[in-house]
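Chemist: can't give you the sequence, but here's the structure:
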């Protein structure tokens, strides 16, 4: 079991402790008031291409990886948002519907949702990624990319993820 550290501040008036009326303020180590809660949805496979199914969660994980260590945040687990989507009987296209995604974020207590979609077009792959602010419904980032469907696509996916990650701070 992890050891928890506690930090207690006691504020004393210059007039003496007898004038202190409030309880001590207790802050738990490692908890910050400004840490955001994020949902990383699987990207929607518009063509339902079984050969590209692996990209659905790979794209959102690439964004998550790109922001790790740069910002303080916690994630709402895939199990939680998948349960929500199942209970609401979401269809695959609902995972790119900003209005439904925002409602999910509100219901699950998220500050932001990262989602997107992809589809093959001839020998290329079109990618779109979005960061949605749940609080005001504003799209903070909308990045697009087109890449060849070969080994170079992973560099393009990483680049798209990094461009999205740079906008997370706007939450």
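Modeler: On my side now, so go ahead. None of these values were measured; they are calculated from a predicted model. Numbering: from 1, shown residues only.
Chemist: Spatially central residue in this protein, please.
Modeler: residue 38 (3.3 Å; CA atoms, centre = their mean).
Chemist: can you give me the helices in the chain?
Modeler: Applying DSSP state H to the chain gives helices spanning 55-67, 78-87, 98-108, 153-167.
Chemist: quick one, which of those helices is packed in tightest?
Modeler: helix 55-67 (a mean of 19; mean count of other CB atoms under 10 Å). All C-beta spots, glycine's among them, are computed from the backbone N, C-alpha and C.
Chemist: what sits up against that one?
Modeler: If you take CB atoms under 8 Å, 6 or more residues apart in numbering as the criterion, helix 55-67 is touched by 40-45, 73, 75, 78, 114-116, 118, 127, 129, 157-158, 160-162, 164-165, 168.
Chemist: Next, the angle from that helix to helix 153-167.
Modeler: 50 degrees (axes from the mean of the first three to the mean of the last three CA atoms, to 10 degrees).
Chemist: and the angle from helix 55-67 to helix 78-87?
Modeler: 140 degrees.
Chemist: Identify the residues contacting the nearest residue to residue 73 once chain neighbours are set aside.
Modeler: Once flanking residues are discounted, residue 73 sits nearest to residue 36: 4.6 Å by CB to CB, 6 or more residues apart in numbering. Contact analysis of residue 36 by CB under 8 Å, 6+ apart lists 71, 72, 73, 74, 111, 112, 171.
Chemist: again, 7 Å this time
Modeler: By CB atoms under 7 Å, 6 or more residues apart in numbering, residue 36 lies in contact with 73, 111, 112, 171.
Chemist: just those now: which is nearest residue 135?
Modeler: Nearest to residue 135 among the contacts of residue 36: residue 111, at 6.6 Å, using CB to CB.
Chemist: State the phi and psi torsions of that closest one.
Modeler: With angles defined as degrees, to the nearest 10, residue 111 sits at phi -90, psi -30.
Chemist: what's the distance between it and residue 133?
Modeler: 7 Å (CB to CB, to the nearest Å).
Chemist: Between the two, which contacts overlap?
Modeler: residue 171.
Chemist: Give the lowest-confidence helix or strand of this structure, using mean pLDDT as the measure.
Modeler: strand 25-28 (a mean of 40; mean pLDDT, DSSP states H and E).
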